[in-house]
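# Provided below for reference: sequence and predicted model.
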Amino acid sequence: MDTDKMLELISVQRHDFLNHLQVISGLLQLKKEERAREYIVEVGQDIKRLSKISHLKDPEAAAAFLVSHNQAANAQIIVNYDVQADLAECGVPGTVTGAVFVRLLEYVLNRLAPPELAERELNIGLKAVEGGYLCVICFAGPVAVNELTWNELAQALSTKLTPYGGKLERTANGAKQDIKLFLPAADA
């Protein structure tokens, strides 16, 4: 994982934490206790949502998701997570999963980054399935312009995944794209 990106993430999280404390303090000083409670609940929900990612048993994958989440926030892209597995039994080494997630999420964020794009939302699901784990990344974005980019990326990532039995596929239906990444379990 790129150390500079991790340090930037830590800096941003520190800044966000201090900002949240200032907002809460300001609301309390203005005697807006109810709004302060609501704000605390909102911040708590955001932290809870990201905690499933930070608790993945694959630190490289967790770091890739957290760094990408920060990049998405900078580009005003909404990311929704449905994490139902922790990758504890993943048979693909962390260095490989981390590198694959970094490249995949970079590809997706680049598709969603143009300011003229109306739908700037990314849905990421991770669950245990028979024989391993399935990560599904869903988003709406331009397809035709980037076919060559996708084909090159898919080839490079498949080369990394194939020795471990991992698989990658993308389906596109109009502007909607789904990327499915299968990571086998260690005992599969």
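Perfect, thanks for sending it.

# C-alpha only now, for contacts and for neighbours.
Fine.

# how about low-confidence regions in the protein?
Applying pLDDT under 70 to the chain picks out residues 1-2, 5-6, 9, 142-148, 188.

# which residue would you name as the spatial centre of it?
Phe65 (3.9 Å; CA atoms, centre = their mean).

# would you mark the buried spots in whichever strand or helix holds that one?
Counting by DSSP states H and E, the element that carries Phe65 is helix 59-74. Buried residues in helix 59-74, defined by neighbour count with 16 or more other CA atoms under 10 Å: 59-72.

# same thing with stretch 14-28?
By 16+ other CA under 10 Å, the buried positions in stretch 14-28 come out as 24, 27.

# for Arg120, which non-adjacent residue is spatially closest?
In this structure, Arg120 finds its nearest non-sequential neighbour in Ile77, 5.0 Å apart by CA to CA, 6 or more residues apart in numbering.

# and the gap between the one you found and Glu119?
9 Å (CA to CA, to the nearest Å).

# joint contacts of these two?
By CA atoms under 8 Å, 6 or more residues apart in numbering, Ile77 and Glu119 have these common neighbours: Leu112.

# please enumerate the strands of the protein.
Along the chain, the segments classed as strands by DSSP state E run 78-83, 121-129, 132-140, 167-173, 176-184.

# before we move on, the earlier item: what residues are up against the residue nearest to Arg120?
109, 112-113, 120-122.

# next: Tyr39.
By CA under 8 Å, 6+ apart, Tyr39 lies in contact with Ile24.

# that one and Lys32: what is the separation?
Between Tyr39 and Lys32 the computed distance is 11 Å (CA to CA).

# next one: Cys135
42 Å.

# what do you get for Gln76?
Shown here: Gln76 relative to Lys32, a distance of 28 Å by CA to CA.

# check Leu50 too.
In this structure, Leu50 and Lys32 are 27 Å apart, going by CA to CA.

# higher neighbour count, the two?
Leu50 (18 against 13; other CA atoms under 10 Å).

# let me see the contact set for the more buried one.
Shown in contact with Leu50 (CA under 8 Å, 6+ apart): Leu66.

# output the contacting helices and strands for the helix holding Phe65.
In this structure, helix 59-74 packs against helix 3-29, helix 33-54, strand 78-83, helix 94-112, with contacts taken as 3 or more CA pairs under 8 Å, 6 or more residues apart in numbering; DSSP states H and E.

# contact partners of it?
Contact partners of helix 59-74, identified using CA under 8 Å, 6+ apart, comprise 1, 5-6, 9, 12, 50, 53-56, 78-79, 94-95, 97-99, 101-102, 105-106, 109.

# now list the buried members of the residues you listed.
Neighbour-count burial (16+ other CA under 10 Å) is assigned, among the contacts of helix 59-74, to 5-6, 9, 50, 53-54, 56, 94, 97-99, 101-102, 105-106, 109.

# thanks a lot, catch you later.
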